[in-house]
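starting from these lines, generate the structure:
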Amino acid sequence: MPLLFEERLLRSAYLSPLRYPGSKRQLVAVIQRLITANIPPPILFVEPFCGGASISLRLLVGDQAQRTWLNDLDPLVYAFWRTAAFDTLWLIDAMHAEPVTIERWEYHRASVPRTLRDRALKCLFLNRTTFSGILHRRAGPIGGKRQTSAYRIDCRFNKPELEQRLRLVGALAAAGSIVDVTNLDYEDLVLRLRRELKGVASNKVVFYLDPPYVLKARTLYEWTFDHGQEHDRLSNVLASMRWRWILSYDDHPAVRARYNGTLRWGNRDQKTATFVVPNRYSAASATTRTDRSELLVTNLPVVPADPTWTRL
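Coordinates of the predicted model:
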């Protein structure tokens with residue numbers, strides 16, 4: 001069923017209602033080319049670290065994935081996507097009723113909401129009013145608490161535009177394109193889908209994993225990997241998976257060392273390809289967008305030559 005939205009919105013580079021540090025919006029075209037070079041549109045596209053979910057939304061709107069499953073361990077991010085997908089009208093009404101002021105920013109920063117709805121509203125409000133969309137407690141409001149900057153706290157809170165994006169998320173969920181939104185550890189999600197997707201061909205499901213950065217993760221995200229063993233655990237989970245997957249990381253020597261062409265699980269070797277893609281994002285201490293390299297790793301068998309990336 002076609003989505004009845006303005007062409008301007010469907011073609012927009014910005015589909016997600018959330019602003020996200022280290023946004024993967026600029027990797028959408030790369031991931032689209034990887035998927036189409038290997039397989040027909042997957043039955044299910046899974047994001048265990050969904051964050052702003054820019055990749056999933058674009059693939060659904062572009063008919064390059066039939067359905068998506070969103071997951072995030074951060075309880076605020078989970079609450080937002082769960083509510084945006086399945087309780088859309090409430091969130092839209094609550095957003096419109098919310099004054100966008102420093103006083104409300106202070107309220108939401110200090111609040112400990114107990115309901116899913118209230119956590120969703122807190123996530124949306126702080127994401128759209130905090131520097132670079134960072135939910136970390138050390139990040140301050142756009143324009144500073146004295147609001148002396150040219151950019152004020154409401155400059156990223158265009159309510160009519162956000163309403164359209166929220167309605168798009170709700171329409172995708174109502175059409176069955178967003179299958180579920182869960183709040184699981186990524187390994188638990190993989191184990192659950194192994195049970196629920198038993199018998200589904202391995203090339204019909206694609207995972208896109210965007211774990212916390214190795215560098216600056218503690219200044220960007222409220223929920224992150226605590227130590228290097230967490231990154232090792234992720235590589236072991238990927239080595240054991242039978243489905244196709246794409247992994248994005250900041251370009252760090254430790255990541256290059258982990259993903260050097262082969263992942264071993266038991267007696268089985270899984271071949272991987274690693275390549276570098278330029279990306280632009282704002283870090284917690286930055287005032288301008290910064291050029292950084294992003295590593296993409298995949299077990300997809302075909303990695304086409306493309307000027308967008310550099311194969312390692």
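
show me what the longest helix seen in the chain is packed against.
Ranked by residue count under DSSP state H, the longest helix found in the chain is helix 159-174. With contacts defined as 3 or more C-beta pairs under 8 Å, 6 or more residues apart in numbering; DSSP states H and E, the packing partners of helix 159-174 are helix 7-11, helix 54-61, helix 75-86, helix 88-97. (C-beta placed from N, C-alpha, C; glycine too.)

mind putting those helices into JSON lines with mean neighbour count, mean pLDDT and distance to Pro211?
Shown next, in JSON lines, are the helices and strands packed on helix 159-174 (neighbours: other C-beta atoms under 10 Å; pLDDT from 0 to 100; distance: least, C-beta to C-beta, whole Å):
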{"stretch": "helix 7-11", "mean neighbour count": "11", "mean pLDDT": "71", "distance to Pro211": "29"}
{"stretch": "helix 54-61", "mean neighbour count": "24", "mean pLDDT": "93", "distance to Pro211": "14"}
{"stretch": "helix 75-86", "mean neighbour count": "24", "mean pLDDT": "97", "distance to Pro211": "14"}
{"stretch": "helix 88-97", "mean neighbour count": "15", "mean pLDDT": "98", "distance to Pro211": "27"}
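
format the ones you listed as CSV; extra columns: distance to Thr130.
Below are the helices and strands packed on helix 159-174 laid out as CSV (distance: least, C-beta to C-beta, whole Å):
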stretch, distance to Thr130
helix 7-11, 24
helix 54-61, 18
helix 75-86, 12
helix 88-97, 16
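
point out where the stretch 151-300 of the chain drops to low pLDDT.
Along the stretch 151-300 of the chain, the parts satisfying pLDDT under 70 run over 214-228, 279-292.

mind listing the helices for it?
For the stretch 151-300 of the chain, the helices defined by DSSP state H, counting those that start in this stretch cover 159-174, 186-196, 217-220, 228-240, 253-258.

relative to Ala13, which of these is closest?
helix 159-174 (12.1 Å; C-beta to C-beta).

for the closest one, buried residues please.
By neighbour count with 16 or more other C-beta atoms under 10 Å, helix 159-174 contains the buried residues 162-173.
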